[in-house]
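# After the sequence you'll find the predicted model.
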Amino acid sequence: MSDEEEDIILSELSDEELVQQMHDDLYDGLKDEILEGVNILLEREWTPYKVLTEALVEGMRIVGIDFRDGILFVPEVLLAANAMKAGMGILKPLLAETGAPKQGKMVIGTVKGDIHDIGKNLVSMMMEGAGFEVVDLGINNPVENYIEAIEKEDADILGMSALLTTTMPYMKVVIDEMKAKGIRENYVVLVGGAPLNEEFGKAIGADAYCRDAAVAVETAKEYMAQRTHNQSASS
Ligand code: B1M
């Protein structure tokens, strides 16, 4: 670290400079600085969602570009991910305490072979904040985990996350197994993750592809409203 960097006092930076500095700190995997930055922005009355998207998610997007281009490697990206997770830890309870009315239950997990969990965790946080009960299965889930959990938890929604082009086809394995067991129509299936798109979601038989956590929340709410409507129409 240069002398110039050592002298930076985060609380003295303007909002714009601070967010820029947080992108750099995330890039460098500086957990304590990220924690401090998140707290400063919250003290400045930034909403938790704005801190999340503008300081953390945008910072991780930049990390992703240099990871792709071979400038950053796995150990460095792991440090960045840990710093991001620490920042998300402060925001989680704040996003959850919106007092939103109860919406429904979602089981979510990252698919087999895939250990990326930041995006999934973010979706879980935002869904909880919107009033959904979330059962998080974690990473690297084989089809059995999903099937067992949706049945045991009597879930309304199944969410699956995949960040690798090699693991995203596994989502179809899960949906096909749901069809084979005759339970596919009992659940809304939402899928997401950076390499997916709408076409892929349709092709594998999901109800919807969700570009980001905010879209996941909106889509889940729409499906829950439809389900409630259909249930009251048939009773
Ligand atoms: Co990995 N990685 N990684 N990685 N990693 C990517 C995905 C990659 C695109 C990087 C790159 O090359 N640019 C690339 C995949 C290339 C490809 O498949 N075409 C890649 C690779 C190659 C790998 C390894 C194979 C590297 C290696 O070992 N050589 C390896 C694989 C390990 C494995 O899973 N088996 C690996 C490992 C890792 C780390 C462990 C170092 C770390 C993960 C740490 C962790 O998650 N705990 C890591 C990271 C951090 C990344 C990048 C840089 C960032 C991912 C992230 O957290 N983004 C990523 C680059 C990128 O995505 N641009 C990359 C921030 C997060 C908020 O966004 O996850 O997209 P995202 O989630 C969004 C939406 O996608 C959506 O909402 C979220 C919030 O808005 N969403 C959902 C996600 N899931 C959803 C589920 C839903 C709905 C919406 O359900 C309803």
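Thanks, I have it. Residues are numbered from 1 along each chain as shown.
# Show me the contact partners of stretch 77-87.
25-31, 33-35, 37-38, 51, 55-56, 59-60, 63, 67, 72, 118, 121 (Cβ atoms under 8 Å, 6 or more residues apart in numbering). Heads up, the C-betas are built off the backbone N, CA and C, glycines and all.
# wait, does it make contact with the ligand?
Yes: with Cβ under 6 Å from any ligand atom as the criterion, the ligand is reached by stretch 77-87 at Val77, Leu78, Ala81.
# can you check stretch 206-218 too?
Yes: counting by Cβ under 6 Å from any ligand atom, the ligand is contacted by stretch 206-218 at Cys210, Asp212, Ala213, Ala216.
# OK, contacts around the second one?
Contact partners of Asp212, counting by Cβ under 8 Å, 6+ apart, are Gly192.
# Neighbours of Glu16, how many?
For Glu16, the tally of surrounding residues (other Cβ atoms under 10 Å) stands at 9.
# measure it to Glu54 for me?
Here the criterion is Cβ to Cβ, to the nearest Å. By it, Glu16 lies 10 Å from Glu54.
# What residues does the chain have near the ligand?
Residues of the chain found near the ligand (Cβ under 6 Å from any ligand atom) are 57, 60, 63-64, 67-68, 74, 77-78, 81, 108, 113-120, 122-123, 159-161, 163-165, 190-195, 210, 212-213, 216.
# pLDDT score assigned to the closest residue to Val111 other than its chain neighbours?
Nearest residue to Val111 in three dimensions, chain neighbours excluded: Tyr170, at 4.3 Å (Cβ to Cβ, 6 or more residues apart in numbering). Note for Tyr170: predicted pLDDT of 98.
# pretty sure Tyr170 is touching Leu164, no?
No: the pair Tyr170 / Leu164 is not scored as a contact, 9.6 Å apart, by Cβ atoms under 8 Å.
# So for those two, which residues contact both of them?
Gly113, Asp114.
# ok, those two, which is more surrounded?
Of the pair Tyr170 and Leu164, Tyr170 is the one with more neighbours under other Cβ under 10 Å, namely 21 against 17.
# I'd like to know how far that one sits from Ala86.
29 Å.
# what does Ile115 give?
From Ile115 over to Ala86 the distance is 18 Å, taken as Cβ to Cβ.
# Tell me which of the two has more neighbours.
Taking other Cβ under 10 Å, Ile115 and Ala86 do not tie; Ala86 has more neighbours (15 against 11).
# Helix or strand: which one has that one?
Using DSSP states H and E, Ala86 sits within helix 74-96.
# And what about Pro101, helix, strand or coil?
Classification of Pro101 using DSSP: H, G, I helix; E, B strand; the rest coil returns coil.
# leaving aside the residues next to it on the chain, what's closest to it?
Leaving out its chain neighbours, the residue that sits closest to Pro101 by Cβ to Cβ, 6+ apart is Gly131, at 5.4 Å.
# Tell me, how many residues neighbour that neighbour?
Other residues near Gly131 come to 18 when the count uses other Cβ under 10 Å.
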